[in-house]
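Colleague: give me a model of this one.
(2 chains)
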Amino acid sequence: MSRSTSRPQTLTWLWLAALGLICLAETVVHTGARNPFLESSRPVYARLSGNDFLPADGYVSWIGHVPVLQDAESFVKQTALFLGQQGPQDTGFLDRRAAYSYFASLLVPWFRWSGGAYAAYVAVNLLFWWATAATMYWLARRRTGDTAVALAASFLVAAGNGLIFMVGMPQSYVPAYASLVLIPALAEWLNAWRAPHRAGAWLLLGWAGGVAATVYFTHISVTVFWWVYGLRRVPWRYLLMASILAFGIGTLWELWGHQLVGLRFLTDNSSLVGEATDSWLARLFTSWPALVTGLRDLDASGTVLGAIPLVWWLLAGVGLAVSSAENREWALAGIVAGLVPTLAMLTLLALPRIAYFMYPAVYFLAAQGIVWLARAAGRLAGRAALPPAVARYSGLAVAVTALAGLALLGNADSLGYALGNAQFHYGLKLGR
Amino acid sequence: MSALSVAAGLGLAAGPARWKPALVLGAGATGAAVLVALAGTAGAVPGAGWSRFWATLFFVLLLWPVGLGLVGRIFGLRAEAVAAAVLVVATVAQQSGRAEVPLPAAVSWWATLSAPDDAVRHRISVPPPGSAAWERAWGRAARAAVFVCAGAAATPQEIASGGGARQAPGGGLTLTAGGQPALPLTAAEQFRVSPEVTWYARPVTAAEVRAAAASGGTLDVVLRRDGSEGAPLRLCGGRDDATRPGAGGSERWHDGRWSAAGLADRPLPLVEGRPVLGRYFVELRFLDADGRPTVDIWF
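Modeller: Here you go, the predicted structure:
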């Protein structure tokens, strides 16, 4: 291999290592009692949550001697099943998401001497987070051909507020968020959007969507994305086949788990989808004034801005304006795919953590916006009578400042300003 | 029908022949994992073996053949071989029956005050008066109060009906915070959260807390049964984070002295071989103008 080709490869590996270190650092400062999901459940955030009378330490349970959000208990009990420690009884209400417990059960034995079971869950989250950031680097470079955009987009994932929020929690959100980058990247790698179209590629994508269905219900968002972006590009029968496979695998797990494993599949938020649909239908058949009032009270904007704060959207707006038509469509499809489940659930619950499904598209656009602004600043400085060294580095300074600023916002809780985490948990409640 | 012919029929990316080694390797690893899982049925607790096997089998069949095949095609056969080896070794450890997760224990519990002189004390750690934390809390709060979580066992009928009809318990008990005179618990402000749980609130002032903190840096809250009248009261308690500043402030009156042992009605179990720290849900809450504890909570 020549020196000229090995140097970029070395730099790529160094960047992937740097992404890993960033994810690791974010993880270290957001675990245990400092985990934002648990921290934001405390009654000091009652103005957003309405939970005035939880104890001061919040909606807490324990894995060993580490405090975690109480919902994590379900995953701990499922992990105990995979380890042969207990039967399928009383595993809680998250049986549909058992793939996460399967992953954790593979790591738990290796963490007996270094932090216990909690560390195994965090390690699973960290590995998926790193894989997501690294994949975003590949995906953004593949779609734009611009290494600077790839660097910025992958950095935004490694410093992403939603991933920070979830990384210290033994729950399946980080792998679920990962699927929203990994599956689109798989589609790119398979050339699934371009002719000649192949059934095999879409079977693989359907399989990936099905895996996502056993982690969380991101397969819904993934499927919406396929249809919105793919309907003009891919024969509909392939989209249908992949969608059936994605939903079918989730259903198969439920049947298999119920009949053969003995799990009870008590409700989780997945079952709320039907209730939310009924609620929407009821609203649509009401009077127009009541419908308009009801829609205003749903606080969609507060939910979306709770997931991804305004500054990211502003940068994404710049990115949207300067990106290619193809990438614009791709990103908008990703935003729609995140918006649909958010709005669907809004009649029952404001869940910014579902609105965060939009992050791959928003970060992809924001990265393009940052790079465009940086280059514009560089050009302006070049035209101005600035010293050459200053002009040369002004663009870089703009990019680094913007990225550092966003990372700082995502880590404001470490500086004592944790309101952003509570807003990610409950939304901004702009309608109140 | 071989994996190769399936791949050929489906027209997978980059030609089916290039998938063959990756699929063969993935299939081999999958077979090994299934055998390990089968052997693992003997390592599970009684009654869990086959449940564990079927659960493991589902995810092995779902994830491994295709997942490893993709790793082989994307990163090369060497990477796939390493991944397969790591997964097989991890499965052996998973199925060995020697690894456990600590199941949640003593997350919440009760301490019942039923006999005369039964009492509990919680010492709330107070920041130094004049410190930033002190000024922030007292400066922003509309008022402050000591909150105590307690209740009584509810009947199923009461739980079904929401429990709104019954009076909250508390007869025969007094609440003391710092140097304040004892207040009958029934005279405290009450917030009924559920049929079994009521929060009792007793207002305190900055001067009272400052005076209490002057002797030891804590605000001592005592709940005591003075007589035999009134129904038994169950105080809410739960795990405390030993790394939290001020942790471990709860005590119970045993044999004529305060003791940090035996806080709950039932002994708290050891977790990972170590005792757990408990606390009563007794908290100094700083309330905003709407009466919500959004300013701060010391506990």
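
Colleague: A:Y238 is in contact with A:H197, isn't it?
Modeller: Yes: counting by C-beta atoms under 8 Å, A:H197 is a contact partner of A:Y238 at 6.0 Å. Where C-beta positions appear, they are placed from N, C-alpha and C, glycine not excepted.

Colleague: shaky segments in chain B?
Modeller: Using pLDDT under 70 as the threshold, the predicted model of chain B has low-confidence ranges B:1-16, B:153-168.

Colleague: contacts only, for A:L260.
Modeller: Taking C-beta atoms under 8 Å, 6 or more residues apart in numbering or on different chains as the definition of contact, the neighbours of A:L260 are B:W54, B:F58.

Colleague: quick one: it from B:A105, how far?
Modeller: In this structure, A:L260 lies at 29 Å from B:A105, with C-beta to C-beta, to the nearest Å as the measure.

Colleague: tell me where the chain has strands.
Modeller: Looking at chain A here, since you left the chain open. Under the criterion DSSP state E, chain A carries strands at the ranges A:60-63, A:66-69.

Colleague: that's the wrong chain, I wanted chain B
Modeller: In chain order, chain B shows strands spanning B:108-113, B:119-125, B:143-151, B:173-177, B:183-184, B:189-194, B:197-204, B:218-225, B:233-239, B:250-254, B:257-259, B:278-280, B:282-287, B:296-298, with DSSP E as the criterion.

Colleague: ok, which of those strands comes nearest A:G410?
Modeller: Distance to A:G410, taken as C-beta to C-beta, is lowest for strand B:296-298 among these, at 24.4 Å.

Colleague: quick one on the thing from earlier: now distance to B:G26 and mean neighbour count too, for the strands of chain B, in a markdown table please.
Modeller: Rendered in a markdown table, the data for the strands of chain B read as follows (distance: least, C-beta to C-beta, whole Å; neighbours: other C-beta atoms under 10 Å in any protein chain shown):
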| stretch | distance to B:G26 | mean neighbour count |
| --- | --- | --- |
| strand B:108-113 | 46 | 20 |
| strand B:119-125 | 57 | 21 |
| strand B:143-151 | 54 | 24 |
| strand B:173-177 | 66 | 23 |
| strand B:183-184 | 70 | 14 |
| strand B:189-194 | 52 | 15 |
| strand B:197-204 | 53 | 21 |
| strand B:218-225 | 62 | 22 |
| strand B:233-239 | 44 | 24 |
| strand B:250-254 | 55 | 20 |
| strand B:257-259 | 60 | 11 |
| strand B:278-280 | 49 | 25 |
| strand B:282-287 | 55 | 25 |
| strand B:296-298 | 53 | 21 |
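
Colleague: save the ones you listed as TSV, and put in distance to A:I249 too.
Modeller: Below are the strands of chain B laid out as TSV (distance: least, C-beta to C-beta, whole Å):
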stretch	distance to A:I249
strand B:108-113	37
strand B:119-125	51
strand B:143-151	44
strand B:173-177	57
strand B:183-184	61
strand B:189-194	39
strand B:197-204	42
strand B:218-225	54
strand B:233-239	38
strand B:250-254	49
strand B:257-259	56
strand B:278-280	44
strand B:282-287	46
strand B:296-298	45
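
Colleague: name the residues of the top helix by length along chain A that are buried.
Modeller: Ranked by residue count under DSSP state H, the longest helix found in chain A is helix A:117-144. Residues of helix A:117-144 classed as buried: A:117-141, A:143-144 (neighbour count, 16 or more other C-beta atoms under 10 Å in any protein chain shown).

Colleague: same question, stretch B:62-79
Modeller: Going by 16+ other C-beta under 10 Å, stretch B:62-79 has these buried residues: B:L62, B:L63, B:W64, B:P65, B:V66, B:G67, B:L68, B:G69, B:L70, B:V71, B:G72, B:R73.
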